[in-house]
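> Predicted model and sequence follow; I will ask about them next.
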Amino acid sequence: MASSGQWHQQIDRLYGDHQRWLVSWFRRKLGCHQRADDLTHDTFMRLLVRREAITVREPRAFLTTLASRVLSNHWRREQVEAAYLKSLAALPEAQAPSPEEHALLLEALHQVDRMLGDLPLPVKRAFLYAQLDGLTHQAIADKLNLSISTVKRYLIRASAQCYFALESA
């Protein structure tokens with residue numbers, strides 16, 4: 001592991017040499033300069049949080065890989081928010097959450113999404129149907145066109161993923 005001074009120099013050099021290029025890369029992907037700035041910031045924050053020495057032969061290839069992960073997380077977060085807003089729109093106005101509840105619910109959804117990580121979509125769906133909608137194993141199996149034993153396997157897998165995510169937090 002590099003000393004704190006060396007580590008900061010590595011990040012400073014990487015940032016100074018490639019920050020503008022990375023903003024342009026994100027802008028081409030998103031079409032929005034502000035989001036590009038935000039995601040560039042998030043990309044470099046991931047490096048800072050690691051607190052590990054960086055040995056990079058091809059800085060732009062390295063940053064592209066890291067930025068692709070940041071972008072994928074961004075899009076997944078947008079999908080979660082869109083699904084949440086769609087379900088809110090279906091509620092009667094009297095049942096709509098307050099702005100504070102809305103923010104808390106959205107953050108909880110993002111946390112669950114992070115805990116479920118990169119599990120396959122059918123595993124996530126089975127887990128969410130069970131946890132959020134309270135569906136039985138049979139109902140989930142019918143909805144996802146799966147066997148009950150597969151649904152059970154998926155629920156165990158997703159529960160284990162959440163458990164270990166909480167343990168490592």
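Okay, I see it.

> For the lengthiest helix in the chain, name the packing helices and strands.
Longest helix in the chain, counting residues (DSSP state H): helix 59-89. For helix 59-89, the packing partners by 3 or more C-beta pairs under 8 Å, 6 or more residues apart in numbering; DSSP states H and E come out as helix 4-30, helix 33-50, helix 99-116. C-beta here means a position set from N, CA and C on the backbone, and glycine is covered the same way.

> Would you format those as TSV with mean pLDDT and mean neighbour count included?
Putting the helices and strands packed on helix 59-89 into TSV (pLDDT from 0 to 100; neighbours: other C-beta atoms under 10 Å) gives the following:
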stretch	mean pLDDT	mean neighbour count
helix 4-30	88	15
helix 33-50	89	16
helix 99-116	82	14
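
> Turn those helices into CSV, including distance to Leu71.
As requested, these are arranged in CSV below (distance: least, C-beta to C-beta, whole Å):
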stretch, distance to Leu71
helix 4-30, 6
helix 33-50, 6
helix 99-116, 15
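
> among the ones you listed, which is nearest Leu85?
Nearest of the helices and strands packed on helix 59-89 to Leu85, taken as C-beta to C-beta: helix 99-116 at 9.0 Å.

> next helix or strand past the closest one?
With elements assigned by DSSP states H and E, the helix or strand that comes after helix 99-116 is helix 121-131.

> which other helices and strands contact that next one?
In terms of contacts (3+ C-beta pairs under 8 Å, 6+ apart), helix 121-131 is packed against helix 99-116, helix 137-144, helix 148-168.

> Great, nothing more from me.
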